[in-house]
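1. curious how this folds, go ahead:
(2 chains)
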Amino acid sequence: MGMTAKQWELVKDLYQTALECSPAQRASFLEQNERDEMVRAEVHRLLGLHNRLGSFLSSPPFVDPRRTGANALERLTPGEVLAGRFRIVNFVAAGGMGEVYKAEDLLLDRMVALKLLPKELAEDRESLQQFLREAKTASALNHASICRVYDFGEDAARAFIAMEYLEGETLSARIQRGRLSTVEALKIAIAVADALGTAHRKGIVHRDLKPGNIMLTESGAMLLDFGLAKYERPVVSAEETLTGLTGDVQVVGTLPYMSPEQLHGQRVDARSDIFAFGAVLYEMFTGKKAFERKSTSETLIAVEREEPIPLDQFTKDVRNALDRIIRRCLRKRPEERYASMIEVERDLKDCSELISEPASGVNPRVLFRQSRQPRVAIPALIILIALMSLIGWGIHHSSKVRWAREQALPQIGKLIERGEPREAYALAVQAERYLPADPTLARFWPDISWSDSIITSPPGASVYRRDYNSPNAQWEFVGLSPILKGRFPAVDSSWKFELQGYRTLERATFPSGPIMVALHKDGKAPSGMVPVEFDQEPVESDPFSLWGIVGIAGFQDLPTVRLGKYWIDKFEVNNREFKRFVDQGGYNKQQYWKHEFRQDGHVLPWADAMKLFVDKTNRPGPSTWIQGEYPQGEGEYPVTGVSWFEAEAYADFVGKSLPTVYHWAAAASPTDSASLIPASNFSSKGPSPVGTYHGMSWSGAYDMAGNVKEWCTNEATSGRRYIMGGAWDDPTYMFNIPDARSPFERSRRFGFRCAEYVSIGKEAEAAGAPIAVRLRNYGSEKPVSDQLFRAYKNQYSYDKTPLHAKVESVQQTEDWRQEKVSFDAAYGGERVTAYLFLPKAASPPFQVVVYFPGAEAAHTRSSAEGVPIDLPDFDFIIKSGRAVLFPIYKGTFERGGGLKPIYWPNTSSTYRDNVIFWSKDLNRSIDYLETRQDINPNELAYEGESWGAAMGALLPAVETRFKALILLAPGFFLQERLPEVDQLNFAPHVKAPVLMLNGRYDFLWPANISQEPMFRLLGTPTEHKRRVVYDTGHDVPRTEMIKESLNWLDKYLGPVR
Amino acid sequence: MVQEPDVTALLVEVANGNQAAQEKLVPLVYDQLKRLARRYMRRERADHTLQTTALVHEAYLKLVGQHSPHWQSRDQFYGTAAQLMRRILIDHARRHLREKRGGTQVILPLEEALAFTPEHSEDLLKLDEALDRLSKLDPRQGRIVELRFFGGLSVEETSRFLNVSPITVKRDWAVARVWLYGELRPDNGDDGKTVGTR
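-> Alright, predicted model coming up:
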């Protein structure tokens, strides 16, 4: 910048002061106060920029609501003056609409309450204008019981409202202290009714009436926050927010007071206020909320359907009259309520005349005595929102606190251990109400919940959630997006996003990271389709992103293609839809049939081909139809009996395309197999109407798994075309295995869905390219002869040269002693590092398990980072009193290059060399173990995870010192590789007792073609082989893993001494 | 599990000015932040977003527990984390920077960022560079931006951490904002009367 530090200091000082001058005076101010032209010019320049600043940098890349409940960056300091008129006295609270300060109005010499508007509102000019208009109208509500709005202003991109400063307490705080007497309550009710009536007459609806918005001051009850509810930003409120089973909810408006039509996002009018008023009345007289239940979802149901508990159950001095008034306010349907507040007020007044004054002669004027506090009081001022602390509940809740601490917490721990995170979550949420800052509770959350943001564009959408596997449950309202740092139970969930004017969108999470959803205007969204935005970019630490298509056997080696944005049919094309194609002569119009009909080497003319595509009565149509019609009543069933050509023609007819395998897979997400398959139509008697099963993919599309197989556009070998997803009569693993058929083939099991590409660029072309994938067929392949095997095995031999072992460092934990050791590798002058975990729960010499990690190890640079991640796979082994050795195999962690998937077999000699390196590393590791006094090398086992488990079908044939093998989620690789590194040839020579734990829905190694052949071919005698299959994907339930592994080790290594 | 060092004790030490403790703290915090950041980079659906909302707070919780002993220590933590956060975010942004595709790529201004998404990568990198330039001229001011923007510290917390008055923090922050804005939006910044200010 060419400036000196000193000049810069001057610039900073001047800028600030100049800003406080009016724009007209600035120039002359600078002239007078600063001689340095450079400094002046710079200040001038900065001042010029100031107006355009908006909210640039005003919030950090993240906002943590838990810290302050508001945007911490912009907290005003006492003494600061806004708009040259309001001097901040102190911060009062973080309100629903931003922060509230007490300030001195220097112009009119009085105290005001300053409410700062959220920055999102302030910078959206249009919303701001509208807001100001509404605030002005509200301010014109000159009424004794309506909090007056004095002024609005802006100062340095913060917009604010100056309101009447009120001292007193909110009705909600008052109710918490104890129930009101009938007389008190009636007085308040009438005042509020009067205020509301006035507002309604002027066409203003409050929209967010609740005890928190009613202030009890010396001069009576006052209504706050008129019509401003929709500008509220969600904030956690200790007194009003419901934390129920939907999760850590940040609720706008407060559920127990919202009318049914409000909950549904329908038009809100004066009668919604009447409903809320009824709820407030109810609470005043009974001390309880009319519709509060244990969870948000139950509360919603209660509001919608249930009648509040009759008043006389609560209080004796309430007459029928009051009960009637309240009931009428709380009618579910607006037309059944009072038509106007005037009537309500009249009825209330009648009521108060009926009820006699208490004999003790309490002066009604004195009713608000509690709030006559000294002017400088700190508590009980404008209390709108409390922060997380519930300390105020005090003795009242000590028994609940005790329950939470002594019963709930241990129970939560037990539920987690039992693998019931859902129940644990519900309990934890309850406990949190009484133990808000408890560290033990805090440590549970990561196990039972996931915490993330839900962001839609545009924002302001209503977000709903429900358990994925409860498709008939009510949608639970979560909040309005964006939901920052929401907390949700760690279960598969379905989500719904609604915004007026935009197409409602559904998604599923299993669970995952932040949910970012783009909503599309209704007019612009193709009907019956879901949007998919899928853009893969390689991320160094995530193996999945380096593979082609994840989750379809054999496709992981395909080139990565960036798909951009597209639409895909929500359901498979059904009979009714296909009929339009038939009826409109689709089979007679050649223009839709754009592909060559290549059969047995020659090309059929179009007319001849059409003769093939006929139904059971020889009319043009799918093979399953009769006389040009689909079977009666099956309109909603997926159309079947269509060839690839017919599918393509239909797609053309409706202006869409068949999806490529890439697009299909991205929308289907085969890696969610474990969640999707149980909810889909597999292994059944026939296809179902589309959408019958609740198996929705993350993208919102149904039946991508099962029901009917779906044609894709890509060509396989020999002119066949891919057809994906599996059919209703298929075993479940067909979801994860590609199939390709003759494009002429028509079957009751074949159907399709369409895609619509937003832009057809190079990406879509690349995605549509032919794919030739060969999967190994272990059913027909045979291992090589023993002789040949021995020749291969020789390639793995090495010389037992000195190890030159060293202990590099030692770390201690409560449960073990962790040594980092190193020794010479059996090749190339390299060193092998290894982590040796020595248990404290037993005495040497220890049994030992050698570990081989999963694919991530090849992508993680540092073992210091990576080892702790794999630790859960074997920490329980150490705790059981056994040692574990974790060697850093060649190509992993520090010994690796990071990006290449070295674990995927191929026919290169590099891969062959690598496998032999790994084997030698393993051998040497055991050689090292043999030198240690504290290890018993005769009690040695191998544990492998995923990649390591797959290697467990090969390495132990070379390294024969193992007494037991534990393989977590293994399978035979499906790729070709050189025979000397092929599991097929080595498995029969693995003789050690082997435990295989598999997931039924494993998308990398499908059960039938990969897992079962491996288990079958392992050479271990049958009585020492064990395989357990779980209802998971490419993983194993943790408790099972622990149980089975330890049993296995006890059995084959012997119990720990 | 590897023995968790007593982060709380470390923080107290750091608050007391113990330099060695600070050095021990940094890798722990960095470690934790990266570990958490990884979690968000696994198996994304739409964008690779680094939802930094959770990161520092979660890192803090994980390392210290919700029971912070001393606001001073907590300030130290967040202050240290601010620097690390910046490093991680910039790394992340670099990774995500992709070439513009024929005009369809829109660079959203930073102020619309609720969560950090790939579209903002370029802006973030520019900000990082501009911040470096500012720090050369006024190191303390650069540090304030780092603490407030990347670390999310309030004015009071920043003033405590750096041991300067809140007024100074506010002033420096206000000027930094407008200066950085000018650096990132040079086309907007000209009011026609610049005299050799670059």
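2. where does the stretch 651-800 of chain A get nearest to chain B, residue-wise?
-> A:Trp698 (6.0 Å; Cβ to the nearest Cβ). In this view, the C-beta of every residue, glycine as well, is placed from N, C-alpha and C.
3. so that residue sits in a strand?
-> No. Counting by DSSP: H, G, I helix; E, B strand; the rest coil, one finds A:Trp698 to be coil, located in no strand.
4. show the model's pLDDT score for it.
-> pLDDT recorded at A:Trp698 is 90.
5. next one: A:Arg346
-> Looking at A:Arg346, its pLDDT is 90.
6. could you report the neighbour count for the closest residue to chain B within chain A?
-> Closest to chain B within chain A is A:Gly48: 3.3 Å, counting by Cβ to the nearest Cβ. Neighbourhood size, A:Gly48 [other Cβ atoms under 10 Å in any protein chain shown]: 18.
7. and for A:Gly779?
-> By other Cβ under 10 Å, 10 other residues sit near A:Gly779.
8. what is the least confident helix or strand in the chain?
-> Because you didn't say which chain, this covers chain A. In chain A, no helix or strand scores lower on mean pLDDT, DSSP states H and E than helix A:65-68, which sits at a mean of 32.
9. wrong chain, I was asking about chain B
-> helix B:52-64 (a mean of 57).
10. before we move on, back to that, so what does the next helix-or-strand element following the least confident helix or strand of chain A touch, helix or strand wise?
-> Using DSSP states H and E, the helix or strand that follows helix A:65-68 towards the C-terminus is strand A:81-82. Using 3 or more Cβ pairs under 8 Å, 6 or more residues apart in numbering or on different chains; DSSP states H and E as the contact test, the elements touching strand A:81-82 are strand A:86-95.
11. and the strand it packs on, is it in reach of chain B?
-> No. Using Cβ under 8 Å from any Cβ of the partner chain, strand A:86-95 stays clear of chain B, coming no nearer than 10.6 Å.
12. parallel or antiparallel, which strands does that strand pair with?
-> Strands that pair with strand A:86-95, judged by DSSP bridges, come out as strand A:81-82 (antiparallel), strand A:98-105 (antiparallel).
13. can you tell me what sits against the strand or helix carrying A:Leu19?
-> Using DSSP H and E, A:Leu19 sits within helix A:5-20. Taking contacts as Cβ atoms under 8 Å, 6 or more residues apart in numbering or on different chains, the residues outside helix A:5-20 that touch it are A:1, A:3, A:26, A:29-30, A:33-34, A:36, A:38-40, A:42-43, A:46-47, A:50, A:84, A:156, B:137-138, B:141, B:171-172, B:174-175, B:178.
14. so where's chain B shaky on pLDDT?
-> Where chain B drops to pLDDT under 70, the residues are B:1-8, B:14-17, B:22, B:30-76, B:78, B:88-89, B:91-121, B:152, B:186-198.
15. now the strands for the stretch 601-750 of chain A?
-> Under the criterion DSSP state E, counting those that start in this stretch, the stretch 601-750 of chain A contains strands at A:602-604, A:709-715, A:721-724, A:740-741, A:750-751.
16. and among those strands, the most buried is which?
-> Ranked by mean neighbour count, the strands of the stretch 601-750 of chain A are led by strand A:750-751 with a mean of 28 (mean count of other Cβ atoms under 10 Å in any protein chain shown).
17. counting by contacts, list what that strand packs against.
-> If contacts are counted by 3+ Cβ pairs under 8 Å, 6+ apart, strand A:750-751 sits against strand A:709-715.
18. ranges for the helices of the stretch 51-200 of chain A?
-> In the stretch 51-200 of chain A, the helices defined using DSSP state H, counting those that start in this stretch lie at A:65-68, A:119-123, A:125-139, A:171-177, A:182-201.
19. what's the least confident stretch among those helices?
-> helix A:65-68 (a mean of 32).
20. can you pull the contacts of A:Ala1007?
-> A:Tyr733, A:Asn998, A:Arg1000, A:Val1029.
21. the second one falls within a strand, correct?
-> What it means is A:Asn998. Yes. A:Asn998 forms part of a strand when assessed by three-state DSSP.
22. quick one, what contacts it?
-> A:Ala969, A:Pro970, A:Gly971, A:Trp1005, A:Ala1007, A:Gln1011, A:Arg1027, A:Val1028, A:Val1029, A:Tyr1030, A:Val1036 are the contacts of A:Asn998 under Cβ under 8 Å, 6+ apart.
23. how about these in CSV, adding secondary structure, pLDDT and distance to A:Pro738?
-> Supplementary listing: the contacts of A:Asn998 in CSV, determined by DSSP: H, G, I helix; E, B strand; the rest coil; pLDDT from 0 to 100; distance: Cβ to Cβ, whole Å:
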residue, secondary structure, pLDDT, distance to A:Pro738
A:Ala969, coil, 94, 21
A:Pro970, coil, 95, 21
A:Gly971, coil, 95, 16
A:Trp1005, coil, 90, 14
A:Ala1007, helix, 90, 16
A:Gln1011, helix, 96, 18
A:Arg1027, strand, 97, 25
A:Val1028, strand, 96, 27
A:Val1029, strand, 95, 22
A:Tyr1030, strand, 92, 24
A:Val1036, coil, 89, 25
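24. buried members of those residues into PyMOL, please.
-> Restricted to buried positions by 16 or more other Cβ atoms under 10 Å in any protein chain shown, the PyMOL selection for the contacts of A:Asn998 reads:
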select buried, chain A and resi 969+970+971+1005+1007+1011+1027+1029+1030+1036
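25. quick check: the farthest pair among the contacts of A:Asn998?
-> With Cβ to Cβ as the measure, no two of those lie farther apart than A:Trp1005 and A:Val1028, at 15.1 Å.
26. tally of neighbours for the nearest residue to A:Pro458 once chain neighbours are set aside?
-> In this structure, A:Pro458 finds its nearest non-sequential neighbour in A:Leu519, 6.6 Å apart by Cβ to Cβ, 6 or more residues apart in numbering or on different chains. Using other Cβ under 10 Å, A:Leu519 has 22 other residues around it.
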